[in-house]
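*Asks:* what shape does this take:
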Amino acid sequence: MDQAELVKRAAQGDVKAFVELTRRFQQFAFGSALTHVRDFQRAEDVTQEALIAAWTALPTLTEPVAFAGWLRGIVRHHASRSLRRKRVHVVPLAEAEELADDAPPPDHVLERRRQAAAALAAIADLPKTLREPATLFFIHDCSHQDIATFLGLPPATVNNRIHSARTHLKQRILTMTEALHANALPDDFANRIGRLIEARGQVIEALFDPAAMPDLMSELTVSDEVRKSGVPVQVFQRLSDGKVRGVAASSVAHVPRGATVLNSRRRATTPIDRAQIDHLLGQLAANKASNDIVETGIKVIDVMCPIRAGGTVAIATEYGAGMTVVLEEIVRRISKGPHLVTMLALFPPPSEIWPASLDENYSIAESLKNEGYSDGTVGSVQTFFVGGEPQPWPDEKLAKFASVDTLIHLTRDMILRKTYPGVDLRTTRSRLLDDAVIEADDVNLARRIRELITARRAAETDPALALDPILSERTAKLQAFFSQPFFVAEPYTKRPGSIVSRANALRTCREILDGAHDDLTADDFYFTGDIEEIRQAARRG
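*Replies:* Numbering: from 1, shown residues only. You can find the predicted model right below:
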């Protein structure tokens, strides 16, 4: 689409068209800003402010073909205003070598910053008419024709000015300038800028370049021009065609469509609180819940924390507790069913032990994408990814998820005990059991199992609380029985995934407690399917 058509559409409120204009002109805007303010951070601020102003004022532009020169004027205006303002905590480029940085080796960072300072200082010493063309050409690697379009100059004039600038610049400084282009400038700055396309209370949708979408659980900032502030947003879904969905720290309903949304490219550190979760589920998980059970074929879930048809499921995890496997396995098993289910994947924030890496939830997103992930859903299941509380999850924090129908708590401790999936039965729950809306025998069985496993764990630290030896052994068999091979883990376990019906799982649990399988050991029950498979394996020795 040509520039004039993009400008026309953007002026009519087409956010996607303005995102494309931003992508095309951001380097020119940034180069122009950098020429005036000579500070990278300030130039980014000026560029962002100018693009916000351009979006707001675009309907007043009567000649779409004049967009480049019009935007250049806005950039220069905001650059001049920035220079007049007293800035706080802004470090001049010439002093950049004094800054600490924990990224590349310090000596490399200092040398690069010295080169950047020298290159920019050399360009600043050029005659005024040469500075902008030199910045755009030598630092941003823009073509002569594009520079001519942006500056509103004939191509021949641009050629002459760049040639003149090259003559002024010494070869050493030119080399530094080229190094600056390769290493120091935020060349992908445009990819960090998105546009607000919808806001419903604290839930927002924003549009970014589809090739540079923000990561799950990363932090965005919505520019609130009315209150002159930025509202933090945590990304919880990556949708299609460059759209992402997130939850804001406060309401942004008053912020107009098209407002700037900046991708920080860092993990959000503020956890989603209970009110935000309730609001999120209330707006986006408006399924009609029933008292029917969605069977997964996963023993521990179907017996101890059954999923409600039309309901919500929160999976609270510690790092290293197998969230990827559990979530994907559940989605694969129930997504083709008729009942809508909303999944909430709750990750803890980074820690010293588990650094700020999103590899685990990246792999989830990619796996779900391979399974037909679109608009945050796979079949009848939609999934939200949010940052939760610091690990381990204390009971009072888990209690705040009372609004969800099922809570599956995954712990690192269970994995270290070689229990897969690592579901902690002491804190896992289901409203179907809590409200006793399903068969009373099934409710009582789950409660009894939880009490026994809790008591057996307590006896590990206080021998005085030890269970009767026979009952303790049966409890160990129950815990082992809840371990199970998963289909998604077959490449790693070398074991085929298994499906066990809920009726079969319930019957086996009762038989274990009644002593029908006292001839088997706890090891016989470990990481298996149904009781028939367990018996066959025991007979084979």
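
*Asks:* can you pull the contacts of the closest residue to residue 223 other than its chain neighbours?
*Replies:* Spatial nearest neighbour of residue 223, excluding adjacent residues (CB to CB, 6 or more residues apart in numbering): residue 260 at 4.3 Å. For every residue, glycine as well, the C-beta is placed using N, CA and C. Taking CB atoms under 8 Å, 6 or more residues apart in numbering as the criterion, residue 260 is in contact with 48, 51, 52, 55, 193, 194, 195, 196, 222, 223.

*Asks:* for residue 260, grab phi and psi.
*Replies:* phi -70, psi 140 (degrees, to the nearest 10).

*Asks:* closest to residue 75 out of the contacts of residue 260?
*Replies:* Among the contacts of residue 260, residue 51 lies closest to residue 75 (CB to CB), at 8.9 Å.

*Asks:* what sits against the closest one?
*Replies:* Residue 51 sits in contact with 22, 26, 29, 193, 260, where contact means CB under 8 Å, 6+ apart.

*Asks:* find the nearest non-adjacent residue to the fourth one, please.
*Replies:* Once flanking residues are discounted, residue 193 sits nearest to residue 22: 5.6 Å by CB to CB, 6+ apart.

*Asks:* how much space separates the one you found from residue 260?
*Replies:* Taking CB to CB, to the nearest Å as the measure, residue 22 falls 9 Å from residue 260.

*Asks:* which neighbours do these two have in common?
*Replies:* What both residue 22 and residue 260 touch, as defined by CB under 8 Å, 6+ apart, is the set 51, 193, 195.

*Asks:* shouldn't the last one be within a helix?
*Replies:* When you say that, I think you mean residue 195. No: remark: residue 195 does not belong to a helix; assigned using DSSP: H, G, I helix; E, B strand; the rest coil, it is strand.

*Asks:* still on that earlier bit, if we only consider the contacts of residue 260, which is nearest to residue 452?
*Replies:* Taking those together and measuring to residue 452 by CB to CB, the closest member is residue 222, at 49.9 Å.

*Asks:* okay, and the closest one sits in which element?
*Replies:* strand 218-224 (DSSP states H and E).

*Asks:* with residue 456 instead?
*Replies:* Applying DSSP H and E, one finds residue 456 within helix 440-459.

*Asks:* list the buried residues for the very next helix or strand once past that helix?
*Replies:* Next in sequence after helix 440-459, counting helices and strands by DSSP H and E, comes helix 469-481. By 16 or more other CB atoms under 10 Å, the buried positions in helix 469-481 come out as 474, 475, 476, 477, 478, 479, 480, 481.

*Asks:* can you name the next helix or strand after helix 469-481?
*Replies:* Downstream of helix 469-481, the first helix or strand assigned by DSSP H and E is helix 490-493.

*Asks:* can you name the residues bridging to residue 408?
*Replies:* residue 315 (DSSP bridges).

*Asks:* hang on, I meant residue 308
*Replies:* Beta-bridge pairing of residue 308 under DSSP bridges involves residue 293.

*Asks:* burial count for it?
*Replies:* 24 (other CB atoms under 10 Å).

*Asks:* now swap in residue 269 and tell me
*Replies:* 12.

*Asks:* in which helix or strand would I find it?
*Replies:* Going by DSSP H and E, residue 269 is not in any helix or strand.

*Asks:* check which helix or strand covers residue 330.
*Replies:* helix 323-334.

*Asks:* what helices and strands are in contact with that helix?
*Replies:* strand 312-317, strand 341-347, helix 359-370, strand 381-387, strand 406-410 (3 or more CB pairs under 8 Å, 6 or more residues apart in numbering; DSSP states H and E).

*Asks:* weakest of the ones you listed by average pLDDT?
*Replies:* Here the lowest mean pLDDT among these goes to helix 359-370, at a mean of 49.

*Asks:* and the longest helix seen in the chain, which residues are buried?
*Replies:* Longest helix in the chain by number of residues (criterion: DSSP state H): helix 15-37. Buried residues in helix 15-37, defined by neighbour count with 16+ other CB under 10 Å: 15, 17-37.

*Asks:* picking up where we left off before, between the contacts of residue 51, which is nearest residue 164?
*Replies:* For these, the nearest to residue 164 is residue 29 (23.7 Å; CB to CB).

*Asks:* ok, the closest one touching residue 48?
*Replies:* No: the pair residue 29 and residue 48 does not pass the contact test of CB atoms under 8 Å, sitting 9.4 Å apart.

*Asks:* wait, doesn't residue 335 sit right on residue 378?
*Replies:* Yes: with contact defined as CB under 8 Å, residue 335 and residue 378 form a contacting pair (4.4 Å).

*Asks:* higher neighbour count, these two?
*Replies:* Neighbours of residue 335 and residue 378, each counted by other CB under 10 Å, are more numerous for residue 378; the result is 23 against 20.

*Asks:* how much space between the more buried one and residue 332?
*Replies:* Taking CB to CB, one finds residue 378 at 8 Å from residue 332.
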